[in-house]
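J.: generate a structure from the sequence data that follows.
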Amino acid sequence: MLRLLKAKSFRFWIGLGAFFALAPLILSAVGGYTLLNYGVIAAFQDVAERQRVQVVPVQNLRILLLDTLAPVDEFLDGADATRLEYRALRTQIETGFSALDKSLQSEPEARDLLARAREDWSAADDDANELISVSVQAGDADALVQVQRFHGQIASATDKLMAVYRQLFEKIENDHDGAHLYYERSLWIAGIAGGVSLSMVIGGIALVSRIMATSVDRLVDGAERFAGGDRDYRIEVQVPHELHRVAEEFNRMITRIQDYEVTLADLAHTDSLTHLPNRRAFDAALNEVLAEAKQMGKTCALMILDIDYFKRINDTYGHAAGDAVLRELGLVMARHLRPSDRSFRIGGEEFSILLPGADLTTGIATAERLRQAVELHDFTYKDISIKLTVSIGVADTNDCFDSLSLVEAADARLYEAKRSGRNRVLASPENPVEAGRRSGSTL
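T.: Take a look at the predicted model:
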């Protein structure tokens, strides 16, 4: 029997397990939907709708009625501006009574109370309009009596609205209790179905794990080893057929990821514009070359090069022209450097060149040769010929043997060369190697 079960495909076991696990849930979903839709959702929707169109408007209307007391009282104290405030409230109250009367068509008792409350409001409104339509002297006894009558009528109207609210709230509470009862029944059905489904899932897991535990464990172990950095491990799974295919695809994925990692490592150390190594590659190469030079007792020179007035090229011809100049400069440098020299693009228009085994004299000669080559070269963009010059700072390991100090020394000499006129090589503050007189204008 076990052998027969092992011969079944993984799809078979997934389908069978899903059927037994989902069947109780489907049955409970149908029953629960019936209970929820007709006993809970519809009731709650009715409660929410009545709350929106009946209960809340009743409460808002009570608040508006109470808000009319202040403008009338303040008018008697001499605040004429409260007339407009009262009239605005009056408009809202009339609108509120009309809307409530429509929404209470199915509630005759509440509607009758609302009509009586509206009568009280109409009487109060008549008194208020009479009061605010004429000027009233402070302490006018008749006015005070009329105000007291106004207050009483407002209180009577709000009391009747409160009675309307209680009637509506009681009916809503009854509907809510009925909906809650249906909701509890649906929870019982869902709980029972969930328990049965859980039992089916546990039984299915136990059965499937006996058949495929070894294959699954191999997949998991392979994934963990891959996540831990082991790129040489390959997963061996034979049964079932589907897991065998998964293992094969996983192995192919590992191979592809290895290839991608190599490609990404190259991209991470290469400048996308000039295809020269970038600043990250320069830092690694500098430490490597300096360590080798120190171990072998050799020297190493460093050149840092910057294009003079590069911003003018971008401003005059556009950034596409600037990009073309940077790419072409990389080619010019490659033609005038030794095979062992290594050039890098370390910033916008800034390049560095490592000269392993070279001392300061060799570095100066190489830098001057490169400076002259750049000055004489016609850089082209489309049909435009662009002339440019570079300033170069040179340092070697006789200045310092740590990478930071060597870069700082070459960088300082570069910027000293730019400050002292550009288009020159500076190897030390006391020994500038200046360019000859420039021909034409320099960008």
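
J.: using PDB, list the CA coordinates for stretch 327-347.
T.: Output in PDB follows, covering the C-alpha atoms of stretch 327-347 (Å, rounded to 0.1, in the frame of the first residue of the first chain):
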ATOM      1  CA  ARG A 327      35.000  58.400 -22.900                       C
ATOM      2  CA  GLU A 328      37.600  59.600 -25.500                       C
ATOM      3  CA  LEU A 329      39.900  60.700 -22.700                       C
ATOM      4  CA  GLY A 330      39.900  57.200 -21.300                       C
ATOM      5  CA  LEU A 331      41.100  55.900 -24.700                       C
ATOM      6  CA  VAL A 332      43.800  58.600 -24.900                       C
ATOM      7  CA  MET A 333      45.100  57.600 -21.500                       C
ATOM      8  CA  ALA A 334      45.200  53.900 -22.500                       C
ATOM      9  CA  ARG A 335      47.400  54.800 -25.600                       C
ATOM     10  CA  HIS A 336      50.000  56.700 -23.600                       C
ATOM     11  CA  LEU A 337      50.400  54.500 -20.600                       C
ATOM     12  CA  ARG A 338      52.500  51.400 -20.000                       C
ATOM     13  CA  PRO A 339      50.700  48.000 -20.100                       C
ATOM     14  CA  SER A 340      51.300  47.700 -16.400                       C
ATOM     15  CA  ASP A 341      49.800  51.100 -15.600                       C
ATOM     16  CA  ARG A 342      46.200  51.100 -14.400                       C
ATOM     17  CA  SER A 343      43.700  54.000 -14.900                       C
ATOM     18  CA  PHE A 344      40.500  54.700 -13.000                       C
ATOM     19  CA  ARG A 345      37.700  57.200 -13.200                       C
ATOM     20  CA  ILE A 346      37.200  58.200  -9.500                       C
ATOM     21  CA  GLY A 347      34.900  61.200  -9.900                       C
END
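
J.: show me what counts as buried in that stretch.
T.: Neighbour counts over stretch 327-347 (16 or more other CB atoms under 10 Å) mark 327-330, 332-333, 337, 341-346 as buried. C-beta here means a position set from N, CA and C on the backbone, and glycine is covered the same way.

J.: do stretch 300-310 as well
T.: So, applying 16+ other CB under 10 Å, buried residues of stretch 300-310: 300, 301, 302, 303, 304, 305, 306, 307, 308, 309, 310.

J.: alpha carbons only: can I get it in CSV?
T.: The C-alpha coordinates for stretch 300-310 follow below in CSV (Å, rounded to 0.1, in the frame of the first residue of the first chain):
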residue,chain,number,x,y,z
CYS,A,300,54.8,53.0,-6.8
ALA,A,301,53.7,56.3,-8.3
LEU,A,302,50.2,57.7,-8.3
MET,A,303,48.8,60.3,-10.7
ILE,A,304,45.5,62.1,-10.2
LEU,A,305,44.2,64.0,-13.3
ASP,A,306,41.4,66.5,-13.6
ILE,A,307,40.0,68.1,-16.8
ASP,A,308,40.4,71.9,-16.8
TYR,A,309,37.2,73.9,-17.2
PHE,A,310,35.2,70.8,-17.8
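
J.: quick one: it to chain centroid distance?
T.: 41 Å (CA atoms, centre = their mean, to the nearest Å).

J.: as a whole number, average confidence for it?
T.: For stretch 300-310, mean pLDDT rounds to 96.

J.: next step: the buried residues of stretch 327-347 restricted to helices.
T.: Judged by DSSP state H, helices contain the following of the buried residues of stretch 327-347: 327, 328, 329, 330, 332, 333.

J.: could you dump these to TSV with distance to residue 360?
T.: TSV is the format used below for these (distance: CB to CB, whole Å):
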residue	distance to residue 360
327	30
328	28
329	24
330	25
332	23
333	19
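
J.: mind putting the buried residues of stretch 327-347 in a markdown table, pLDDT included?
T.: Below are those laid out as a markdown table (pLDDT from 0 to 100):
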| residue | pLDDT |
| --- | --- |
| 327 | 95 |
| 328 | 96 |
| 329 | 96 |
| 330 | 95 |
| 332 | 96 |
| 333 | 95 |
| 337 | 94 |
| 341 | 94 |
| 342 | 95 |
| 343 | 95 |
| 344 | 97 |
| 345 | 95 |
| 346 | 93 |
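
J.: before we move on, back to that, now, among the buried residues of stretch 300-310, which is nearest to residue 102?
T.: Closest approach to residue 102 among those (CB to CB): residue 310, at 77.0 Å.

J.: test my guess that that closest one contacts residue 351.
T.: No - Residue 310 is not in contact with residue 351 according to CB atoms under 8 Å; the separation is 11.4 Å.

J.: now do the strands in the stretch 201-350 of the chain.
T.: 300-307, 342-345, 350-356 (DSSP state E, counting those that start in this stretch).

J.: what residues does the last one touch?
T.: For strand 350-356, the surrounding residues in contact (CB atoms under 8 Å, 6 or more residues apart in numbering) are 276, 282, 285-286, 289, 292-293, 298, 300-306, 329-330, 333, 337-338, 340-346, 362-363, 366, 370, 407, 410.
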